[in-house]
Structure formats: C-alpha cells, structure tokens
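Asker: I'd like to go over a predicted model; first the sequence, then the structure.
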Amino acid sequence: MAQTKFRAESEKPLPTMEELEAEMAALGELEEEKGGIVWLNAAFLHPHPNNPRKDLGDLSELTASIAKNGVMQNLTVVERAEGGYTVIIGHRRCAAAKAAGLTELPCVIADLTEREQMGIMLAENMQRVDLTVIEQAQSMQMMLDLGETVETVSDKTGLSEKTVKDRLKLNK
C-alpha cells in the first residue's frame with residue numbers, strides 16, 4: 001500500500017502574531033447585523049422611557065443567577081438617535097446583568113417604530129403577573145395615543161375588548 005503525503009491546502013506560511021491580532025481587531029469592528037445576536041456594551045443599553053413596567057422589583061435573585069450563569073436569553077433593543085440602544089425586551093435582565101458586573105450582553109437589534117415598540121413591551125409585560133392594572137392602563141392608553149384601536153390592543157395583549165376598555169377607564 002503506497003503512502004500518501006498530505007500537504008497543506010496552501011503553501012502560504014502561517015500568519016504572524018501581528019497579522020492575527022489585526023484580523024481579530026477587524027472582526028471586532030464588524031457592523032452589527034440587524035436580527036442576529038450581537039454582544040453590546042452594557043453601558044450603551046438604556047431602559048425604554050415608556051416601559052409599562054415602572055418598578056423592576058427585587059432583582060437580587062436574578063442578579064445572583066446572572067452572576068453565576070450569565071445572561072441565558074438575549075435582549076431586544078433598538079438604536080437610539082443620540083447613540084446607544086434602548087431596551088425593548090429584557091429590562092430586568094439588563095438591570096440585573098449590570099448589577100452583576102457584566103459589561104457585555106447578548107442582544108438582537110430590531111428595527112421597530114415607536115408604536116411597534118409599545119405593542120411588544122405591553123404584550124411581553126402582560127404575560128407577567130406583577131404588572132399592575134394601572135401600569136397596564138397607562139400602557140394601553142399610550143398605544144391608543146400612537147394610533148392603535150381598542151380592538152388591536154385587545155389582539156396584541158390577549159385581553160378581551162371589555163377588559164381593555166375597563167383598564168382604560170382607570171386612566172380617567
């Protein structure tokens with residue numbers, strides 16, 4: 001049986017350390033791709049000013065879990081005109097990760113209108129039992145102010161139109 005000699009695919013010499021470092025730096029400078037998970041500096045992540053959840057609650061257990069295991073689910077963010085990113089989904093995770101000392105967080109950068117942002121935040125927070133009815137009512141009113149109807153708010157939240165109308169009465 002004849003021996004086969006294996007050759008490198010390329011006759012090029014191995015790259016130098018400087019070339020490897022330059023290539024790694026170039027990879028770090030790649031533009032963030034919308035829709036894919038990217039790691040963003042936590043200092044550039046800001047809470048949404050109209051987040052339905054006004055009180056993040058006790059973050060101690062979540063902070064301890066993130067300190068031990070890291071962030072297990074990405075955040076969803078949108079770019080801010082003034083720089084940085086606004087968190088749409090993952091406000092508590094973001095705050096807990098910062099408290100745990102993490103400097104980079106996994107994020108998906110979304111391209112959403114203000115109306116879409118409010119709808120997503122409200123729907124996300126409606127699934128949680130600790131969002132007060134007042135916070136729900138304020139968020140629903142914001143959605144109406146952005147052009148939604150009682151019917152579309154009902155569809156997005158999973159609540160009946162009657163419940164949406166009842167919550168909206170609380171704002172008056």
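Answerer: All right, it came through fine. Numbering: from 1, shown residues only.
Asker: Toward the C-terminus, what is the element adjacent to the helix or strand bottoming out on mean pLDDT in the chain?
Answerer: Of all the helices and strands that make up the chain, helix 17-28 has the lowest average by mean pLDDT, DSSP states H and E, namely a mean of 58. Toward the C-terminus, helix 17-28 is succeeded by strand 37-41 as the next helix or strand (DSSP states H and E).
Asker: Next, the buried residues of that following strand.
Answerer: For strand 37-41, burial by neighbour count (16 or more other CB atoms under 10 Å) applies to V38, L40. Placement of C-beta: from N, CA and C, glycine included.
Asker: Check which helices and strands it sits against.
Answerer: For strand 37-41, the contact count by 3 or more CB pairs under 8 Å, 6 or more residues apart in numbering; DSSP states H and E identifies strand 104-109 as packing neighbours.
Asker: ok, and what's touching the strand it packs on?
Answerer: Applying CB atoms under 8 Å, 6 or more residues apart in numbering, the contact partners of strand 104-109 are 32-42, 45, 71, 73-79, 85, 93-94, 97.
Asker: Buried ones from those, can you make that a PyMOL selection?
Answerer: Selecting just the buried residues from the contacts of strand 104-109 in PyMOL takes one command, with 16+ other CB under 10 Å as the test:
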select buried, resi 32+38+40+42+45+71+74+75+76+77+78+85+93+94+97
